[in-house]
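Chemist: after the sequence you'll find the predicted model.
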2 protein chains.
Amino acid sequence: MIGVLGGMGPQAGIDLASKIVANTLATCDQDHIPTLLFGDPLIPDRTEFLFGRSNVNPADSMIQAVKNMAAAGANVIGVACNTAHSPPIFDVFRREIEQAYPLVTLFHLIDETMLGILTHYPDVKRVGILSTTATYQFRLYDDALVRYNLEPIRPQNIESLGKAIFDPLLGIKACSSPVTDEARQWVEDSVDSAVRGGAEAVILGCTELPLALSAATRAGVPLIDPSTFLARALIRAVAPDRLTPWRVA
Amino acid sequence: MIGVLGGMGPQAGIDLASKIVANTLATCDQDHIPTLLFGDPLIPDRTEFLFGRSNVNPADSMIQAVKNMAAAGANVIGVACNTAHSPPIFDVFRREIEQAYPLVTLFHLIDETMLGILTHYPDVKRVGILSTTATYQFRLYDDALVRYNLEPIRPQNIESLGKAIFDPLLGIKACSSPVTDEARQWVEDSVDSAVRGGAEAVILGCTELPLALSAATRAGVPLIDPSTFLARALIRAVAPDRLTPWRVA
């Protein structure tokens, strides 16, 4: 059974679960894959911890959440949050889960995104990154791209991107159905800035961002949604014959 | 913790989980309500059982699924499927859950819809019903409406509505992101037919239907989404202070 650890933010896990359905070949309900989504708001803010404004490592709550999910039968698990994949959080989380639940397989959002880019966008060399400040600070995508000989490109306006995600009135975490015009504009400006910087594709590297920009491209530049690659990795692990063919953007 | 039993069809539970988020007052991730969604495709087709074409009562799988969810901590549970609320299924399911899990509270999709209509649409007397053939046959909404002195109205073209839901190529269960133009047209025709029959509001009484018609009204007639009322009942049970104000269609 697939397990999705969500709640970071509230729609991110729902979005990943929805992409698991959308990437599964099925003609009736019974063709789909058992999926357990745990939207857990008790997981503390990842950015606050990474910047030292809180000393509570979200890894502890994430471990507890996965224990609950494993108790319910989930054994192939993805975490629907980019920032949570920062090493100070994810390494602690992964070590504990691997020890306590040797039969649980964890998939890694950023690693799957790199595999997806290499496989499906082989001509792309310069890759834009949109993410939270914490993900930038910990160079999650930068280091991963460099490892694969790809060049990371950042947009200029990182502050307004942070507002698009976190603003308590207008941000996507506060208001996602629908996303506010302001938040969408801030995200679009960031994509445009990365493209002006030379990006040939842009990673929407925070699970909130695809909620604001659901198109596959912007002005001809592919928008790369890590959640789609994570969804496809989870399906491949459980029922490879039911993975839909890849549709190029 | 809220539990959502989904997988009937694949997007129905996801849609209910999404409505729980949308109806929760929140400014950050941590304001949301712990929610466990189990998308369980192993639950057999409800319609096949109700029409005697299968002798496997889906209630058995639903009971097993709720046991898994209760093991993971869910105790306020909704089932994201109208047809599953037919008495031959739901009564068996409810009896077993009430006996085995006295601390689990089950909310009833159809009852919550009736409460929602009486509360929020007090002037509506004639109510259109769009549903699967099985839900029609077992008079789920008809009998509930009559109990509250409301008049049920059915559309003429029940067959094309069934195709909109179940068609293995064009139907919403097979193809929900996005819904096909054909399926949307069949659903719209059914709404129009119910309105011509005198309906002052129309219940989208199959969890697939709001995926095809997400607007709050059609030609001025309110479209009533049972999942929204179920989502609000689940929130009210767990965190009444975080229920968003009702917005009239």
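Modeler: Looks like it came in fine.

Chemist: for the strand or helix carrying residue A:88, C-alpha coordinates in CSV please.
Modeler: Per DSSP states H and E, residue A:88 falls inside helix A:87-100. Presented in CSV, the C-alpha positions along helix A:87-100 are these (Å, rounded to 0.1, in the frame of the first residue of the first chain):
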residue,chain,number,x,y,z
PRO,A,87,19.2,16.8,5.5
PRO,A,88,18.8,18.1,9.1
ILE,A,89,15.2,16.8,8.9
PHE,A,90,15.1,14.0,6.3
ASP,A,91,18.3,12.3,7.4
VAL,A,92,17.1,11.9,11.0
PHE,A,93,13.7,10.8,9.7
ARG,A,94,15.1,8.3,7.2
ARG,A,95,17.5,6.7,9.7
GLU,A,96,14.8,6.1,12.2
ILE,A,97,12.3,4.7,9.7
GLU,A,98,14.9,2.4,8.1
GLN,A,99,15.8,1.0,11.5
ALA,A,100,12.3,0.7,12.9
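
Chemist: so after that helix, what's the next helix or strand?
Modeler: Next element after helix A:87-100 (DSSP H and E): strand A:105-107.

Chemist: how far off centre is whatever helix or strand comes next after that next one?
Modeler: Later in the chain than strand A:105-107, the nearest helix or strand by DSSP H and E is helix A:109-120. Centroid separation between helix A:109-120 and its chain, computed with C-alpha atoms, centre = their mean, to the nearest Å, is 12 Å.

Chemist: how near is residue A:222 to chain B?
Modeler: 19 Å (C-beta to the nearest C-beta, to the nearest Å). Where you see a C-beta, it was placed from the backbone N, CA and C, and this is true even at glycine.

Chemist: list the beta-bridge partners for that residue.
Modeler: residue A:217 (DSSP bridges).

Chemist: about what we covered before: so which elements touch the helix holding residue A:88?
Modeler: Packing partners of helix A:87-100 (3 or more C-beta pairs under 8 Å, 6 or more residues apart in numbering or on different chains; DSSP states H and E): helix A:46-50, helix A:58-71, strand A:76-79, strand A:105-107.

Chemist: and with 10 Å instead?
Modeler: Packing partners of helix A:87-100 (3 or more C-beta pairs under 10 Å, 6 or more residues apart in numbering or on different chains; DSSP states H and E): helix A:46-50, helix A:58-71, strand A:76-79, strand A:105-107, helix A:140-147.

Chemist: quick check, residue A:160 in contact with residue A:189.
Modeler: Yes. With contact defined as C-beta atoms under 10 Å, residue A:160 reaches residue A:189; the gap is 6.5 Å.

Chemist: so what are the domain limits for chain A?
Modeler: According to automatic domain parsing, chain A comprises the domains A:2-108+A:228-242, A:110-226.

Chemist: can you redo these as CSV with mean pLDDT and mean neighbour count?
Modeler: Rendered in CSV, the data for the domains of chain A read as follows (pLDDT from 0 to 100; neighbours: other C-beta atoms under 10 Å in any protein chain shown):
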stretch, mean pLDDT, mean neighbour count
domain A:2-108+A:228-242, 95, 21
domain A:110-226, 94, 19
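
Chemist: quick one: these as CSV, columns for distance to residue B:178 too.
Modeler: Putting these into CSV (distance: least, C-beta to C-beta, whole Å) gives the following:
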stretch, distance to residue B:178
domain A:2-108+A:228-242, 10
domain A:110-226, 11
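
Chemist: which one of those domains lies nearest to residue B:23?
Modeler: Residue B:23 lies closest to domain A:110-226 among the domains of chain A, at 9.7 Å (C-beta to C-beta).

Chemist: which residues touch residue A:85?
Modeler: A:46, A:79, A:91, A:93-94, A:108-111, A:113, A:135, A:138, A:140-141, A:144, A:205, A:226 (C-beta atoms under 10 Å, 6 or more residues apart in numbering or on different chains).

Chemist: kindly apply the preceding question to residue A:199 instead.
Modeler: So, once contact is read as C-beta under 10 Å, 6+ apart, residue A:199 ends up touching A:124-130, A:151-155, A:191-193, A:221-222.

Chemist: many thanks, I have nothing further to ask.
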